[in-house]
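In: Let's see this in three dimensions:
(2 chains)
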Amino acid sequence: MYLWRLCILFLIISLPGASSEEAGQDMRELVPKEVAAWKARESDGVYDRKTLYDYIDGGAEVYLAYDFRACLARRFEKEGAPNIIADIFDMGSASDAYGIFTFEREGSSVMIGQDSEYTAGLLRFWKGRYFVSILTEQETPESKQAVMDLGKVIASRILNEGVRPKIVSMLPLKNLQETSIRYFHQKSGLDFHYYLADKNVLNLGKQTEAVLAQYGEGKTKHFLLIVRYPDRDKASSAFTSFRAAYMPDAGKSNVLRTEDGRWVAAKCEKEFFVGVFEAPSRAQAVALLRAVDIGREEKER
Amino acid sequence: MTEQRVITRRDFIRGVASAAVAAAAGFPIKAQSAEKKSRVVLIRDAAVLDESGKINSAILEQMLDEALAKLLGKTSAKVAWRSIIKQKDFVGIKTNVWNPLRTPPELEQIILRRVMSVGVPADRVFCDDRGSKEKFEQATALINVRPARTHHWSGMGGCIKNYIILTPNPSSYHPDSCADLGKVWTLPIVKDKTRLNILVLLTPQFYGKGPHAYDPRYVWAYKGLAVSLDPVAVDAVGAHLLRTKRIAFFGEDKPITPTKHIAVADEKWHLGVSDLNKIEIIKLGWSKDILI
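Out: So this is what the prediction gives:
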């Protein structure tokens, strides 16, 4: 049974054409076996949707909430220096590689891959359908340099760039906090970034795509959520569910002042739900809601 | 079937959601006068770790002894241990070996010694994590010990969650922010066996990042232990500390999965008390930056 699963995983990792979006590459070839004086251990770790738990204790669900396919983990060692771990994740599509990158994004780009960041020994970036994490167990000037060098090599070996989810282009740019953008599909993603309700009032699931972003800072901080449903009926149904749960006292209005003195506004247009949360004023809530250009996403599709 | 009412963010703002659920979602709760139901002893010692992070075993041993005696209202640690462990017990010490932040081996050794000091023979005490499912079937008493840390999906890895590996299919507990982790405690391998919960707060992790969810910036030398007979209460205290530290560190609370399982363990599985206002917290030792 174990051997059979190993064979299937080998096929996922090594064969091109396994992607629903475009051909994947052999992940073993994307990661070099040596960087600076760090040498790869003889055996890699390879994981699929069923075995990722074995590798990432506690974090696997984050990846499984996206279209994660396979992970290759390669550990580098150098005598007297901290280990370096390179994890490359085939996320099935560029959208989901971008999504898992945004999930924890905090910092500014270090110009590796399509988007990247480096904090305290951890380099994260995405390119094409791949999300890459490179971690040095302890940051030293040498290990940091090795992490960055390794990242550049992996990024150069990923042949194709991917396209960011088009729904992200619907976010109005004025006052947008760029590093706050989060792209996800399921309720668990929304719970992590903006806890709305205990029940799935927006009917989020594998077939929905959602983008959440912060606008303004400090006292003017507020949030915009856009969800795209498979069709208009599902969007309408989710909007009705949301209004019943979150704005039952709004009457016919789609704008409401909440108990903390902030404003919530929502609309349903075509197959999209759009919600503004914690706006400092009614005018700002309405303005941000109206600034979301549904037609823009359609034109770019 | 009656459809359950939805609890929304607005309910937390209004203060009409239960205090436990509100706290789990990271919303401030209003103080309520309430009967004390559970006790947690929080003990700290500035000297338990040196500057390099090395543990002073003798001090750690004193901390555990003092905390346990206080928790159980006994005159000495020896008496306290004898009140929770019997000579005839088969004892499982459920530790946690997550590589970046494991249960300290020094603490495992201290507990082993204390259990054996009661008269339990060495071949009837097991300290284990990943092999515990096989070994703990025959256990009559469990000691639950692990560090406090944030966790991607459950919000916090604490004492409630520490038993997930004793289940046939751990991942089946992951949906809905691991809400039903309390159910694990109803399984025969665990039910009514736990004699002590020790939440290790020597270097708790208040935020996680990256696939391996570990970043040394988000670990701090709190130098404490929290002990309780109630796994929910000790986790509620731990979750509060992690959240308070996050706010102190970042200037605001960072988004993180709500620790819903703590509230659900209380309200659905009746495993203990999750409302901080209903927990008697006894603080011993070093008080600087105690955060609670």
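In: quick one, strands of chain A?
Out: Using DSSP state E, the strands found in chain A span residues A:34-35, A:38-40, A:45-47, A:70-78, A:81-90, A:115-119, A:122-127, A:130-136, A:182-184, A:209-215, A:222-228, A:255-257, A:263-269, A:272-279.
In: Only the buried residues of the third one, if you could.
Out: Residues of strand A:45-47 classed as buried by neighbour count (16 or more other CB atoms under 10 Å in any protein chain shown): A:V46, A:Y47. The C-beta positions use only the backbone N, C-alpha and C, and glycine is treated the same way.
In: just stretch B:173-185 next, same as before
Out: Buried residues in stretch B:173-185 (16+ other CB under 10 Å): B:Y173, B:H174, B:D176, B:S177, B:C178, B:A179, B:D180, B:L181, B:G182, B:K183, B:V184, B:W185.
In: One more: stretch A:35-42?
Out: A:V35, A:A36, A:W38, A:A40.
In: so what's A:I158 closest to, chain neighbours aside?
Out: A:K127 (4.6 Å; CB to CB, 6 or more residues apart in numbering or on different chains).
In: Was I right to think the one you found contacts A:R164?
Out: No - the pair A:K127 / A:R164 is not scored as a contact, 11.7 Å apart, by CB atoms under 8 Å.
In: shared neighbours of the two, which are they?
Out: Jointly contacting A:K127 and A:R164 under the rule CB atoms under 8 Å, 6 or more residues apart in numbering or on different chains are A:Q114.
In: The two - which one has more neighbours?
Out: Set side by side, A:K127 and A:R164 show more neighbours around A:K127, with 26 against 19, by other CB atoms under 10 Å in any protein chain shown.
In: The more buried one and A:A73: what is the separation?
Out: 18 Å (CB to CB, to the nearest Å).
In: And for A:L289?
Out: From A:L289 over to A:A73 (counting by CB to CB), the distance is 44 Å.
In: Equivalent analysis for A:F101, please.
Out: 18 Å.
In: Of the two, which one has the most company?
Out: Per other CB under 10 Å, whichever of A:F101 and A:A73 has more neighbours is A:F101, with 24 against 21.
In: can I assume that one is in contact with A:G107?
Out: No - assessed by CB under 8 Å, A:F101 is found out of contact with A:G107, at 11.8 Å.
In: any idea whether B:L107 is helix, strand or coil?
Out: Under DSSP: H, G, I helix; E, B strand; the rest coil, B:L107 falls in the helix class.
In: residue contacts, it?
Out: By CB under 8 Å, 6+ apart, B:L107 lies in contact with B:I55, B:L60, B:L64, B:V145, B:I198, B:V200.
In: A:G189 too?
Out: Here A:G189 is in contact with A:A65, A:F103, A:R182, A:L204, A:A210 (CB under 8 Å, 6+ apart).
In: Kindly recompute the last result at 6 Å.
Out: Contacts for A:G189 (CB atoms under 6 Å, 6 or more residues apart in numbering or on different chains) come out as none.
In: so what's it scoring on pLDDT?
Out: pLDDT, A:G189: 91.
In: Quick check: chain neighbours aside, which residue is closest to the most centrally placed residue in chain A?
Out: Taking CA atoms, centre = their mean as the criterion, A:G99 is the residue nearest the geometric centre of chain A, at 1.8 Å. Among residues not flanking A:G99 along the chain, A:Y183 sits closest, at 4.1 Å (CB to CB, 6+ apart).
In: and if you look at A:V35?
Out: A:L150 (4.5 Å).
In: So, low pLDDT: which residues of the chain?
Out: Just so you know, I chose chain A. For chain A, applying pLDDT under 70 flags the ranges A:1-23, A:58, A:296-301.
In: that's the wrong chain, I wanted chain B
Out: B:1-4, B:15-21, B:23, B:25-36.
In: Can you pull the residues of it lying near chain A?
Out: Contact residues, chain B versus chain A (CB under 6 Å from any CB of the partner chain): B:6-10, B:13-14, B:25, B:98, B:151-153, B:171, B:174, B:209-211, B:213, B:215, B:217, B:255, B:257-258.
In: Give me the subset of the residues you listed that lies in helices.
Out: B:R9, B:R10, B:I13, B:R14 (DSSP state H).
In: Okay, the second one and A:P82: tell me how far apart.
Out: Here the distance between B:R10 and A:P82 works out to 47 Å (CB to CB).
In: try the first one
Out: The gap separating B:R9 from A:P82 is 42 Å, by CB to CB.
In: quick one: secondary structure of B:C159?
Out: Per three-state DSSP, the secondary structure class of B:C159 is coil.
In: Which stretches in chain B count as strands?
Out: B:38-44, B:91-94, B:125-128, B:141-151, B:155-157, B:194-205, B:224-228, B:279-285.
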